[in-house]
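Participant: Sequence and predicted structure are below.
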Amino acid sequence: MRKRYFILIGMLLLSFFALNISSMISADEPHGTRNPDAGVEVTAFPLAQNGLPTKTISYEFTIKNTGDETDNFILSADSSNEWEIELSQSFVGPLNVDESIIVFANVTIPMGWPAYDTDILNLTATSNTVSTEFNKTGVITTVDEGVVVELEIEGGTSWTSAVNNLDYVNYTLILRNMVNEDVIITLHNISDNNSWRIDFSRYPDVNVPKADLFTAGIKAVNVTVTAPQDAPPHAVMNLTIWGEKSDRNWYSYKHQDNITITTIVQPRRSVVFYPDIFDGFVGFRDTLFNFTLENTGNMDLKLDLVMEWPDILIIDLVHDQMVVRVNDLERNTLRVRTASDTQLGNYTINVSCVDNSTGELIAGMEFYYIIVPVLNITNISMSDEEPMQYKTTTVSVTIENIGFVDATNITVILYDGSKKAASTYLDNLSVNDPVATVKIKWAPSEYGNRSIRIAIDVEGVGNFTEHGTDIAEKMLNVNVRINWQPYYLAIYVIIVIILGIAVISCMVSLKYYGGVPHLNHYGEATGEEPYEEFPEEGDFPEEGEEPMRPFGTYGPTAEPKESIEKPLPYEPRRERAARIPPRERREPPPRREKPPERVIAPVKDPETLRKESEAREEISKAQDKLDKTKSLGVDTANIDQLLSTAKRSLSDGDVNKAKQYLGYANERIDNLMSKRDEALKAIKEAKEVLSGMRGTADMTIVENFLVKADSLFAEGDFREAINYANKAKERAVRLQKREMRL
């Protein structure tokens, strides 16, 4: 027995000794490798949760190293419904033996996910040392049935915009339903200023449709805010809108309670000019331009009136600084004088209103000033106080230059009634030697009391009546005596005609001399039987007496008949008046009016004819361009007036003025077409943006802006059409950006 104990004790000592030797060998020399015992444990808290769609649920996982050595672990998570998962970290370590660490996993419930559906989130921890060593655990998430609605405006919970007086601004509220069932919301609103007009319909039952997995259910609500007319600048109106649901609590995943809309009245500086007349003044002494300024904005203005004008004119403004209150009218006067060395032509004077406090240009006006010589007819005299018809007389006309500029190429014309009868030419009439007398040779073509008119035409000036002044002219009544000499020949011809008629009538009457013609039973002359002379009284043979034998006949006379009746006594035939058929009554021939005498126009030089031809072609091109513009439905009344003025100036021979007004017309046509093209481009761009977004958002406001832009474009108001098209484009772009963020 003892021997056995000793043997056992010896074996234990040998084993202990062998173990120490092996450990020393393994520590000193690498005589091979061994696999450690790796292990990991994963626990979750809590094991199950529930939530509404769009809500993020957070779970806490504990990772513990249950191996026999320090180790690192790789983390991964998956969802049974492939929901979005976010891990706080995907790699943990190094962890000592029995050491643990906490990680978080967040899972988001998609919007529109069916209620009461569940999802299992599994988190797996894999040893970085032994890849086959891992552990995982799962948690359960359940979808609740609830109300998740977002109320927003322009992508947020508040919005601020500016508006003018009596102008309005539209707001669009968006209600987004993120859950899997339809939601009925009641909207309420309150404002802090009752004088503003708010067009916000009552919405007791706003049905917001349910969402699906890709798109939220959206309902748009429009609100219109109008500022009062008397609202001062920077006036503020706050509008608060919120929603309620009676059968369950209002909930938003952004935790908002209401929407705040702030509308501010922006300062508006606007001035309108009302000139009494601004075009067509003639340079004669002092010319006054009276005009009125009206403040159509919403704030009182202190204005500086700034002028631009040619240095050759003398300008004086009665008030160069004035205060114009809201809706008030202030009158002012611009005085223009002409210097002595001013050249003929048209001049433009610009008057601008500048805000004294900001230096901003608010409004402007152009006044047109025309420099022409001013002449006056002081006296008209004639060499014969009573001139004779067809006889030349001399008419002396005294002309005075009462203006400030010299007059050249003067034509003095004498009109007999409305007919140009004579004219003469005067080279120059200066302001230094202002008086001249011209003589006109005139031979009156008609007699009696005549009204003659002496008129003056200056080359390059045109018709004064277009500019509100009269042509220099003077009337004179003249008694023209009749001149009988031209009528003597007519009297002689009349006498000869009368004598000729008398001779012819006598020759016709000779056919009836010596007897009367034989008449038929109607008492008419046959014109075929010869005339028979009447026997004289006492030449008739007696009864029973042999008739006389004709002279130169011989032989016995014829035996008388046995019974000879007693001849009847001869009775001359009773004359009967010849029946002459009535002559047809002829109407006297129409009296031929004396054709008007032709007025021979003066011969123009080739250079003038060439300029007129060029101007006529340019006017024709401008008219074609204007007709094309009219066909597009554009109002061109002002351009028509400019072209009419150009045509009249060309017919009067004023080529320079015709080209000037033609230039005005072309410039306005080009500006009008440029604005039209710009408006068409803006509307097209806005419609392209709108077409790319249909079906993704409520575009009611954008479409309203585009309808308004199209209407203004059709009416020819291209500036406002561009404004509304840009508004539509900006609103559409903002909605597009907001959808991209969502």
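Facilitator: Now that the structure is in, tell me what you want to look at.

Participant: quick one: secondary structure of residue 125?
Facilitator: strand (DSSP: H, G, I helix; E, B strand; the rest coil).

Participant: how far away is it from residue 103?
Facilitator: According to CB to CB, to the nearest Å, residue 125 stands 9 Å off from residue 103. C-beta: built from backbone N, CA, C; applies to glycine.

Participant: So what touches stretch 413-423?
Facilitator: For stretch 413-423, the surrounding residues in contact (CB atoms under 8 Å, 6 or more residues apart in numbering) are 395, 411-412, 440-442, 444-446, 450-457, 596-597, 599.

Participant: which of those residues count as buried?
Facilitator: 395, 412, 440, 442, 444, 450, 452-457 (16 or more other CB atoms under 10 Å).

Participant: which ones among those residues are found in strands?
Facilitator: Among the buried ones among the contacts of stretch 413-423, the members found in strands (DSSP state E) are 395, 412, 440, 442, 450, 452-457.

Participant: that older thread, overlap in contacts, residue 125 and residue 103.
Facilitator: 63, 75, 92.

Participant: of all those, which comes closest to residue 435?
Facilitator: residue 75 (116.0 Å; CB to CB).

Participant: The closest one: which element?
Facilitator: Here residue 75 sits within strand 71-79, counting by DSSP states H and E.

Participant: cool, residue 720 as well?
Facilitator: Here residue 720 is assigned to helix 718-741, by DSSP H and E.

Participant: follow-up on the earlier one: mind checking which of residue 125 and residue 103 has more residues around it?
Facilitator: With neighbours defined as other CB atoms under 10 Å, residue 125 and residue 103 compare such that residue 125 has more, 24 against 21.

Participant: Tell me the pLDDT of residue 695.
Facilitator: Here the pLDDT value assigned to residue 695 is 54.

Participant: next one: residue 88
Facilitator: 90.

Participant: Could you give the bridge partners of the closest residue to it other than its chain neighbours?
Facilitator: Counting by CB to CB, 6 or more residues apart in numbering, residue 104 is the residue found nearest to residue 88 once chain neighbours are left out, at 4.2 Å. Note on residue 104: beta-bridge partners residue 60, judged by DSSP bridges.

Participant: With residue 119 instead?
Facilitator: Counting by DSSP bridges, residue 119 is bridged to residue 141.

Participant: how close does it sit to residue 45?
Facilitator: Counting by CB to CB - residue 119 and residue 45 are separated by 18 Å.

Participant: Tell me which of those two has more neighbours.
Facilitator: residue 119 (20 against 10).

Participant: Help me confirm that residue 450 comes into contact with residue 442.
Facilitator: No. Contact criterion CB atoms under 8 Å: residue 450 and residue 442 do not qualify, at 10.2 Å.

Participant: Please enumerate the strands of the stretch 201-350 of the chain.
Facilitator: Under the criterion DSSP state E, counting those that start in this stretch, the stretch 201-350 of the chain carries strands at the ranges 203-208, 217-226, 236-244, 259-265, 271-275, 281-282, 287-295, 301-308, 313-317, 321-324, 329-338, 345-355.

Participant: which strands and helices sit next to the first one?
Facilitator: Spelled out, it's strand 203-208. strand 168-177, strand 183-191, strand 217-226 (3 or more CB pairs under 8 Å, 6 or more residues apart in numbering; DSSP states H and E).

Participant: any chance of the ones you listed in CSV, plus distance to residue 202 and mean pLDDT?
Facilitator: Formatted as CSV, the helices and strands packed on strand 203-208 follow (distance: least, CB to CB, whole Å; pLDDT from 0 to 100):
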stretch, distance to residue 202, mean pLDDT
strand 168-177, 14, 86
strand 183-191, 8, 83
strand 217-226, 11, 88
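
Participant: how about residue 362, secondary structure?
Facilitator: strand.

Participant: can you pull the contacts of it?
Facilitator: Contacts of residue 362 (CB under 8 Å, 6+ apart): 269-271, 301, 303, 353-355.

Participant: Which two among these are spaced furthest apart?
Facilitator: Longest span within those, CB to CB: 270 and 354, 13.7 Å.

Participant: ok, those two, which is more surrounded?
Facilitator: Neighbour count, other CB under 10 Å: between residue 270 and residue 354, residue 354 has more, with 19 against 16.

Participant: Residue 363 is in contact with that one, correct?
Facilitator: No. Contact criterion CB under 8 Å: residue 354 and residue 363 do not qualify, at 9.4 Å.

Participant: is it true that residue 685 touches residue 728?
Facilitator: No. If you go by CB under 8 Å, residue 685 and residue 728 don't touch, sitting 9.4 Å apart.

Participant: of the two, who's got more company?
Facilitator: residue 728 (27 against 15).

Participant: for the more buried one, what are its contacts?
Facilitator: 686, 690, 702-703, 705-706, 709.

Participant: Return the closest of these with respect to residue 403.
Facilitator: residue 709 (52.8 Å).

Participant: helix or strand for the closest one, which one?
Facilitator: helix 700-715.

Participant: pLDDT (mean, whole number) over that helix?
Facilitator: On average, helix 700-715 scores 79.

Participant: do the same with stretch 384-398
Facilitator: Stretch 384-398 carries an average pLDDT of 88.

Participant: Return the set of buried residues in that stretch.
Facilitator: 387-389, 393, 395, 397.

Participant: Closest one of those residues to residue 96?
Facilitator: Once CB to CB is applied, the member of the buried residues of stretch 384-398 that ends up nearest residue 96 is residue 397, at 130.1 Å.

Participant: Can you tell me what sits against the helix or strand where the closest one lies?
Facilitator: Assigned by DSSP H and E, residue 397 belongs to strand 393-401. If you take CB under 8 Å, 6+ apart as the criterion, strand 393-401 is touched by 373-384, 387, 407, 410, 412, 414, 422, 426, 429-431, 434-444, 452, 454, 456, 472.

Participant: before we move on, what about stretch 331-345?
Facilitator: Residues contacting stretch 331-345 (CB under 8 Å, 6+ apart): 281, 283-293, 305, 307, 312-319, 322, 349, 351, 367, 369-373, 403-405, 431, 460-461.

Participant: Now do the end-to-end distance for it.
Facilitator: 29 Å (CA to CA, to the nearest Å).

Participant: any low-confidence regions in the stretch 351-500 of the chain?
Facilitator: 460-471, 485-488 (pLDDT under 70).

Participant: Longest helix of this protein, counting residues only.
Facilitator: As assigned by DSSP state H, the longest helix anywhere in the chain is helix 655-691.

Participant: Just the buried positions in it, please.
Facilitator: Those would be 655, 657-662, 664-666, 668-669, 672-673, 675-676, 679, 682-683, 686-687, 689-690, for helix 655-691 by 16+ other CB under 10 Å.

Participant: what's the average pLDDT for it?
Facilitator: What helix 655-691 shows for mean pLDDT is 81.

Participant: now it against strand 345-355, angle please.
Facilitator: Helix 655-691 and strand 345-355 are oriented at 40 degrees to each other (axes from the mean of the first three to the mean of the last three CA atoms, to 10 degrees).

Participant: Output the contacting helices and strands for helix 655-691.
Facilitator: helix 606-631, helix 637-651, helix 700-715, helix 718-741.

Participant: residues of stretch 723-739 that come out buried?
Facilitator: Under the neighbour-count criterion of 16+ other CB under 10 Å, stretch 723-739 has 723-729, 731-732, 735 buried.

Participant: Lowest-confidence one in these?
Facilitator: Lowest confidence among those: residue 735, with 74.

Participant: just checking, that residue touches residue 700?
Facilitator: No. Contact criterion CB under 8 Å: residue 735 and residue 700 do not qualify, at 10.9 Å.

Participant: which pair in the contacts of residue 728 spans the largest distance?
Facilitator: Checking the contacts of residue 728 with CB to CB, the most distant pair is 690 and 709, at 11.4 Å.
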